[in-house]
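In: Take this sequence and fold it.
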Amino acid sequence: MSEPVVLVPGMMSDARVFMPQIVELTKTHSVQIASLGLSDTIRQMAADILASAPQNFALVGHSMGGIVAMEMLRQAPDRINRLALISTSATAEGPSQAAEREPCIVRAKAGRLAEVMTEMMRPEFFHDGPARPQVLKLIQEMATRLGPDVFIRHSRALQSRPDQQRTLRTARLPMLVLGGADDRMTAPARLEFIAGLVADAELHILPNAGHLPMVEAASAVTSALQTWLNRPLMLR
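Out: Numbers count the residues shown, from 1 in each chain. Got it, this is the predicted structure:
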């Protein structure tokens, strides 16, 4: 069995966002799915995952999971063999964006989580194809299962998330940056910026995919991850 792989889902997501990749990667790798539900800071989420992760591993993070993955790299650079970031951002949250989360938190507390998720994960953030209704349904199902308390913790964590540009500039490891061409939440320009921070990072912008390329373009994401996992490790 090759090196272990740790998958970190995004905000209000669970293992289902990675299910196509789990099916294939478990044929050759030990795969662990991280949970972000118990903490309300990015730093503590990263520390919690590291506490139960293998000693050395490949790390994949999507969206908020990518933000946590970068913090894991900052905290334990010698333990992470390689890093894949999907549909994410390396910068801190601005004051206006942080303030916009407050009404969403209030409504989630009042039992209106489904309404909040509909507004936050709008159809235009995903590819306009036959899979879009299923993607939107999956997002609501995951949010319903996790509930408002987890939504509030995730929101608080994002409001205070650290800037990770320095972490990436000093990284020396095989890195994959991946996203959807139709993603209007995390635009391809953000991914190009991230890839530009890391020496020899591979950038894949996938057509016919939006903010959830692991589901929208499952085969392409799996193929990119398999190629990344086969890249030789770098001397540090």
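
In: so what's the most centrally placed residue in the chain up against?
Out: Residue closest to the average C-alpha location in the chain (C-alpha atoms, centre = their mean): His62, at 1.4 Å. By C-beta atoms under 8 Å, 6 or more residues apart in numbering, the contact set of His62 is Val8, Pro9, Gly10, Ser13, Val17, Phe18, Ile86, Ser87, Thr88, Leu212, Met214. For glycine as for every other residue, the C-beta is placed from the backbone atoms N, C-alpha and C.

In: Mind doing that once more with 7 Å?
Out: Contact analysis of His62 by C-beta atoms under 7 Å, 6 or more residues apart in numbering lists Val8, Pro9, Gly10, Val17, Ile86, Ser87, Thr88, Met214.

In: Considering the residues you listed, which possesses the most neighbours?
Out: Neighbour counts for the contacts of His62, by other C-beta atoms under 10 Å, peak at Ile86, which reaches 32 neighbours.

In: roughly how far apart are the residue nearest to that residue when sequence neighbours are not counted and Ser96?
Out: In space, and not counting its chain neighbours, Ile86 is closest to His62: 4.4 Å by C-beta to C-beta, 6 or more residues apart in numbering. Counting by C-beta to C-beta, to the nearest Å, the gap between His62 and Ser96 amounts to 24 Å.

In: Show me where this structure has its strands.
Out: Along the chain, counting by DSSP state E, strands occupy 2-8, 29-33, 57-62, 80-86, 175-180, 202-206.

In: Residues touching the last one, excluding its own?
Out: Okay, so that is strand 202-206. Contacts of strand 202-206 (C-beta under 7 Å, 6+ apart): 176-181, 188, 191-192, 195, 213, 217, 220, 224, 228.

In: Mark which of these are buried, thanks.
Out: The neighbour count (16 or more other C-beta atoms under 10 Å) marks 176-180, 188, 191, 195, 213, 217, 220, 224, 228 as buried among the contacts of strand 202-206.
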